[in-house]
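Student: fold the following for me, if possible:
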Amino acid sequence: MTLDPDPAPTAKPAAPARASATAGPRAEHPGIEAARMFLRNPAAIAGMVLLLIVLAVAIAGPWLYPADPFEIKAAPLTPPFSEEAWLGSDYLGRDVLTALIYGGRATLLVGAVAALLSVLIGITLGAFAGYYGGKVDAVLMKITEFFQVLPALLFAMVVVTLFSPTLVTVTLAIGVVSWTGTARLTRAEFLKYRGLEFVRAERAIGARDARIIWKVILPNALPPLVVSATLAIGAAILFEAGLSFLGLGDPNQMSWGLMIGSSRQYVLSCWWAVAFPGAAIFVTVLAVSLIGDGLNDALDPKLRER
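Tutor: Residues are numbered from 1 along each chain as shown. Modelled structure (predicted):
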């Protein structure tokens, strides 16, 4: 009697392999995807490098090159690349290089703080107008329109003249007159989000308005506001330079705008005292603009898909 061989065991399906085959690719976190898109933008990387160089010079320069920017170090109108002053001297004999290094601190500080102030005002008013709507929206938008039709430079000049031209008043004046664009952008974003399902769900569970505004809607509306805040820094730097050019800057604080404004009458005989701070402002604003464009491309889902 012959015995049949044992039948071959039936292979069981591999559950993990089947699960991995049916499961789709893991979704990437939006923040990581945005950072990856930003780092793939050559113009944004160039702007970041330029801005880091400017910040490094403004922060570390005074320790590496200790001097008084108002000190007379050379003969007036000394040309660049001389032994007394490497970038030349202005009409008083002040070293342009020293003023350029120390002036960057005041210019960047005014630009950053004024932009932060304008963004805070704009986001607050725009959030309330877009969320509540109705009479609140009408009143806040009338206030926004009032500030929008005012000549910004003239209004800032009046504020600085009334409260004396100091670094604080210049910063406050720039922040107070430049928030209207951010307010309108924030209002539009809140109008878009306030009727969506996740916002209605928060209201249904009894969430307070403050929580819905600042912790629910605002995080979703942040991408365009971040871009607006970045570009506001460059605008504030140009604004400060304009006020200083008109003689309304802080005379006790060296800044790039003050360098240009004090030497504007000697631009033909002392071009370097105007050209070098002008180039510094141009490079800084260009860097901020490139970063803002890169953030816009990285944070906008429609642009990421292209």
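Student: residue ranges in the protein under the pLDDT threshold?
Tutor: Low-confidence segments of the chain, defined by pLDDT under 70: 1-31, 300-306.
Student: tell me where it has helices.
Tutor: For the chain, helices defined by DSSP state H occupy the ranges 15-22, 30-39, 42-64, 96-132, 134-149, 152-162, 167-177, 180-193, 197-204, 209-211, 218-245, 256-262, 272-299, 301-304.
Student: could you single out the most deeply buried of the ones you listed?
Tutor: Mean neighbour count (mean count of other C-beta atoms under 10 Å) peaks for helix 256-262 among the helices of the chain, with a mean of 25. Yep, even glycine has a C-beta here, placed from its N, CA and C like the rest.
Student: right, and the helices of the chain - which one's nearest Ser89?
Tutor: For these, distance to Ser89 was read as C-beta to C-beta. The smallest value, 6.3 Å, belongs to helix 96-132.
Student: now do the contacts for the residue nearest the centre of the chain.
Tutor: By C-alpha atoms, centre = their mean, the chain has its centre lying nearest to Thr230, at 2.0 Å. Shown in contact with Thr230 (C-beta atoms under 8 Å, 6 or more residues apart in numbering): Val288, Ile291, Gly292, Leu295.
Student: relative to Ser255, how far out is the last one?
Tutor: Think Leu295. According to C-beta to C-beta, to the nearest Å, Leu295 stands 27 Å off from Ser255.
Student: tell me how many other residues crowd Gly195.
Tutor: Residues within reach of Gly195, counting by other C-beta atoms under 10 Å, total 8.
Student: next, give phi and psi for it.
Tutor: phi -100, psi 10 (degrees, to the nearest 10).
Student: Ile281 is in contact with Val54, correct?
Tutor: No - contact criterion C-beta atoms under 8 Å: Val54 and Ile281 do not qualify, at 10.1 Å.
Student: one step back: which of the helices of the chain sits closest to Phe70?
Tutor: Minimum separation from Phe70 across these (C-beta to C-beta) falls at helix 96-132, 8.2 Å.
Student: elements contacting the closest one?
Tutor: On a contact count with 3 or more C-beta pairs under 8 Å, 6 or more residues apart in numbering; DSSP states H and E, helix 96-132 meets helix 42-64, helix 134-149, helix 167-177, helix 180-193, helix 218-245, helix 256-262, helix 272-299.
Student: which other helices and strands does the first one contact?
Tutor: Looking back up the chat, that one is helix 42-64. Packed next to helix 42-64, using 3+ C-beta pairs under 8 Å, 6+ apart, are helix 96-132, helix 272-299.
Student: next: the last one.
Tutor: For helix 272-299, the packing partners by 3+ C-beta pairs under 8 Å, 6+ apart come out as helix 30-39, helix 42-64, helix 96-132, helix 218-245, helix 256-262, helix 301-304.
Student: try the fourth one
Tutor: The criterion is 3+ C-beta pairs under 8 Å, 6+ apart, and the helices and strands that helix 180-193 contacts are helix 96-132, helix 134-149, helix 218-245.
Student: ok, now the second one?
Tutor: Contacts defined by 3+ C-beta pairs under 8 Å, 6+ apart place helix 134-149 against helix 96-132, helix 180-193.
Student: and the angle for the longest one with helix 218-245?
Tutor: Spelled out, that is helix 96-132. Relative orientation of helix 96-132 and helix 218-245, computed by axes from the mean of the first three to the mean of the last three C-alpha atoms, to 10 degrees: 140 degrees.
Student: just give me how far helix 96-132 sits from the chain centre.
Tutor: Relative to the mean C-alpha coordinate of its chain, helix 96-132 is positioned 8 Å out (C-alpha atoms, centre = their mean, to the nearest Å).
Student: find the nearest non-adjacent residue to Thr182, please.
Tutor: Excluding the flanking residues, the one nearest Thr182 by C-beta to C-beta, 6 or more residues apart in numbering is Gly122, at 2.8 Å.
Student: contacts only, for Ala46.
Tutor: Ala287, Leu290.
Student: give me every residue that touches Arg184.
Tutor: Contacts here follow C-beta under 8 Å, 6+ apart; on that basis Arg184 touches Gly126, Thr144.
Student: what's the spacing between it and Leu238?
Tutor: 21 Å.
Student: what does Pro76 show for phi and psi?
Tutor: phi -60, psi 140.
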